[in-house]
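Participant: for reference, the sequence and a predicted model appear below.
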Amino acid sequence: MFKALMVRKDDEGHRARIENLELSAFPAGDVVVDVEYSSLNYKDALAITGRGPILKSFPMVPGIDLAGTVSESDSADFKPGDKVLLTGWGVGESSWGGLAQKAKVASQHLVLLPSSLSTQQAMSIGTAGFTAMLCVEALEACGITPEQGPVLVTGALGGVGSFAISLLAALGYTVEASTGRVEENDWLLKSLGASAVINRDELNAPGKPLQKSRWNAAVDTVGSHTLSNVCASLNYGGAVAACGMAQGMDLPASVAPFILRAVTLKGVDSVRYPAERRAAVWQRLASLLSPEQLPGLAGVCRLDEVAERAVELLDGKVRGRLVVDCR
């Protein structure tokens, strides 16, 4: 028997609670992992609370991230004792996920843990850090370099935003942070490496199609009017990597920034990022983020606290990442 956070939806409504399960209850998978740590992402919180249509079927064990040790394997690629991690691929949405003490998963979705990371450190990074790294690489692919000018990160206190700031700063970029909680200035400036903090109110209302150039590039986790205003405020040849929709899925934008300033809008998805390229991304994350940084970027909670913390996350009361101790 092992414990798992199970989400059910039936005549009693949508509910999430800890249940004791047998391994035989798992759907198909060729590798069993003893989960040591998972994490609580924005998407997980929506799934757990029922505030968003994330889960594709019920009952479902949520959790889009996991890290632990292989205990059983029918795959030639992994053996018992291997330290592994998993992010994305619909795990925790369409197949049972990582908010449990055990997980049975498809081997092609696993990545061997970089030797310089512990399982807890890997989950401090998780989907949020992985997505942030993809955003940075998207900007690099557009030719964005540190000497060209500052980079804006929206949703700076969230998981992706906080990691984007840290990664960009580590690479030598001047980073400005946009947040609705400007009282967190010290954390953003001193702990993460931002050079300036702006109030999100400057960006979250309808604006002009083309505005004064303020940044050379941006990582946007917010969408809607914020993304539109960011695009309108970039330098000529600038770029924005868009990966979130905290404000909304809409994009009330003009073509002006794209045809008059040659701005690039690059979408970033981490869920189905090619398996053969994931290990290299994780190795780069391990090299750019020092072990000393990670505790400041992520708090820790127990598995039986997740449902409560999910509400806090959606209510904007969680800073950075939240790692879940599943042991």
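Facilitator: Everything's here; your move.
Participant: in the lowest-mean-pLDDT helix or strand in the chain, what's buried?
Facilitator: Lowest on mean pLDDT, DSSP states H and E among the helices and strands of the chain sits helix 294-297, with a mean of 78. Across helix 294-297, burial judged by 16 or more other C-beta atoms under 10 Å covers 294, 296-297. C-betas here are computed from N, CA, C, even on glycine.
Participant: closest to residue 51 among these?
Facilitator: Distances from residue 51 to the buried residues of helix 294-297, taken as C-beta to C-beta, are shortest for residue 297 (24.7 Å).
Participant: tally of neighbours for the spatially closest residue to the closest one that is not a sequence neighbour?
Facilitator: Once flanking residues are discounted, residue 297 sits nearest to residue 320: 4.9 Å by C-beta to C-beta, 6 or more residues apart in numbering. Counted with other C-beta atoms under 10 Å, residues neighbouring residue 320 total 22.
Participant: need the contact list for residue 320.
Facilitator: With contact taken as C-beta atoms under 8 Å, 6 or more residues apart in numbering, residue 320 is in contact with 157-159, 162, 296-299.
Participant: ok so, going back, just the buried residues of helix 294-297 now: which is nearest residue 205?
Facilitator: Taking C-beta to C-beta as the measure, residue 205 sits nearest to residue 297 out of these, at 29.9 Å.
Participant: my guess is the closest one contacts residue 166. True?
Facilitator: Yes - contact criterion C-beta atoms under 8 Å: residue 297 and residue 166 qualify, at 6.8 Å.
Participant: overlap of the contact sets of the two?
Facilitator: Joint contacts of residue 297 and residue 166 (C-beta under 8 Å, 6+ apart) are residue 192.
Participant: how about residues contacting stretch 281-295?
Facilitator: 85, 111, 114, 116-117, 121-122, 124-125, 129-130, 133-134, 137, 163, 166-167, 170-171, 273.
Participant: buried members of those into PyMOL, please.
Facilitator: Selecting the buried subset of those in PyMOL, with 16+ other C-beta under 10 Å as the burial test, is done by:
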select buried, resi 85+111+114+117+121+122+124+125+129+130+133+134+137+163+166+167+273
